[in-house]
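Peer 1: just to be clear, the model below is a prediction. Sequence and coordinates:
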Amino acid sequence: MTDRADADQELELALVYRPFSLPLASPLETAAGTIDSRDGFLIRIVGTAPDVDGQAVGYGEATPLAGWTESRADCEAALERASDAIRDGPTAALEAVEKQVAARHAITLALADLRARRVATPLYRYVGQGPMVGRVPVNATIGDGTPEETARAAGEAVDRGFDCCKIKVGARDVETDIERLRRTRAAVGPDVELRVDANEAWTYDEATTSLAAFADLDVSILEQPLPAGALEGHAALREFEPGEGVAIAIDEGLLEHGVDAICEAGAADVLVLKPMALGGIDIARQIAAWVQELEITPIVTTTIDGVVARTGAVHLAASIPNVPACGLATASLLADDLGRDPVLLEKGSAVVPQAKGLGVEGVWAE
Ligand SMILES: O=C(O)CCC(=O)c1ccccc1C(=O)O
Ligand SMILES: [Mg+2]
């Protein structure tokens, strides 16, 4: 995208932001704690120039999450610096956010939305230069609960059309998690893909016990079973024979170590890419292209974001060739949103918006 940053050199850019708070419809229980609200900043970048018809507008979203991004206060301070710096152009605005990943996510998304709208191209084709893509496969996200609750939630997701469920584990003991997966497999039958995400909860021994049981239950992916620091441990789990068939995914570990260290350690079959935590869809896209060359599978997920960031993540996924089911079906976890959702969910897929830019309208009603 940087090679085309020149495209708006002639524009006078202005950035404004406003805070929002989105409660979850029901709190999402994970081994790392409960998420009950997503609070962040909606941003709007407007470009004006004498020879431009009307105004060029783009939207972005910064939704910090403790443990994954900068704090809300640091995010706001970065947006404030960027709103001053953007008078000197987009590069100055990005320099002003430094290491504040959620703020950088918002600014790069708004700039990409603005630029893609100006050339009347859907965002995924603007960033990827690839073919038209109608839909991307998605998974249902199921929080940690009792075995009954888990099996019921997965059954309901399948009734709504999902054929892949990602289940949070690690908040209870390992035997209960195995029971949760046993009940869930019995409820959904053999054809539904089941993945689990432990959010760093386990010791190596707990991980091998669950991995062996999950292999018997045809679980496809075990995400971040061990603490982020444990690259060698994840590499050993990939070689653990009773777990054969279950891919090992790294999520938190990517933020701590980066791609090189993960590849060098042989720690992952799958990498989970969260644009909000990585600093933007541009960075997430670079990582996806890079790791696909190394035969590691990238998966895109949100951090339970509002409609602007969520739709940005859908465009990111649509720009990645052969992306497997992604964690993008998180709208229903929110009780409220920033605006109308342009992404329909249909039979386990997200329908990719084909309007220019992000395709999100009406989020900045004055
Ligand atoms: O991947 C999904 O299905 C939804 C996203 C998700 O699980 C998540 C949401 C917020 C914070 C962390 C995570 C995670 O993947 O660990
Ligand atoms: Mg995860």
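Peer 2: Received, thanks. Ligands and ions are numbered 1, 2, ... in the order given.

Peer 1: and the strands in the protein, which stretches?
Peer 2: Using DSSP state E, the strands of the chain run over 12-30, 33-48, 56-62, 135-137, 140-142, 164-168, 193-197, 219-223, 247-250, 270-273, 297-300, 345-346, 349-351.

Peer 1: turn the ones you listed into CSV, including mean neighbour count, mean pLDDT and distance to Gly280.
Peer 2: For the C-beta atoms, the positions are set from N, CA and C on the backbone; glycine is no exception. Shown next, in CSV, are the strands of the chain (neighbours: other Cβ atoms under 10 Å; pLDDT from 0 to 100; distance: least, Cβ to Cβ, whole Å):
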stretch, mean neighbour count, mean pLDDT, distance to Gly280
strand 12-30, 16, 96, 15
strand 33-48, 19, 96, 13
strand 56-62, 26, 96, 9
strand 135-137, 21, 98, 19
strand 140-142, 26, 98, 22
strand 164-168, 25, 98, 23
strand 193-197, 24, 98, 23
strand 219-223, 24, 98, 22
strand 247-250, 24, 98, 20
strand 270-273, 24, 98, 11
strand 297-300, 24, 98, 13
strand 345-346, 15, 96, 24
strand 349-351, 19, 98, 20
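
Peer 1: need these in JSON lines with distance to Leu334, can you?
Peer 2: Shown next, in JSON lines, are those (distance: least, Cβ to Cβ, whole Å):
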{"stretch": "strand 12-30", "distance to Leu334": "5"}
{"stretch": "strand 33-48", "distance to Leu334": "7"}
{"stretch": "strand 56-62", "distance to Leu334": "13"}
{"stretch": "strand 135-137", "distance to Leu334": "20"}
{"stretch": "strand 140-142", "distance to Leu334": "12"}
{"stretch": "strand 164-168", "distance to Leu334": "17"}
{"stretch": "strand 193-197", "distance to Leu334": "19"}
{"stretch": "strand 219-223", "distance to Leu334": "22"}
{"stretch": "strand 247-250", "distance to Leu334": "24"}
{"stretch": "strand 270-273", "distance to Leu334": "20"}
{"stretch": "strand 297-300", "distance to Leu334": "18"}
{"stretch": "strand 345-346", "distance to Leu334": "14"}
{"stretch": "strand 349-351", "distance to Leu334": "15"}
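
Peer 1: a markdown table for those strands, including distance to ligand 2?
Peer 2: Conversion of the strands of the chain to a markdown table gives the following (distance: least, Cβ to the ion, whole Å):
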| stretch | distance to ligand 2 |
| --- | --- |
| strand 12-30 | 8 |
| strand 33-48 | 12 |
| strand 56-62 | 20 |
| strand 135-137 | 18 |
| strand 140-142 | 10 |
| strand 164-168 | 8 |
| strand 193-197 | 4 |
| strand 219-223 | 5 |
| strand 247-250 | 8 |
| strand 270-273 | 5 |
| strand 297-300 | 9 |
| strand 345-346 | 20 |
| strand 349-351 | 19 |
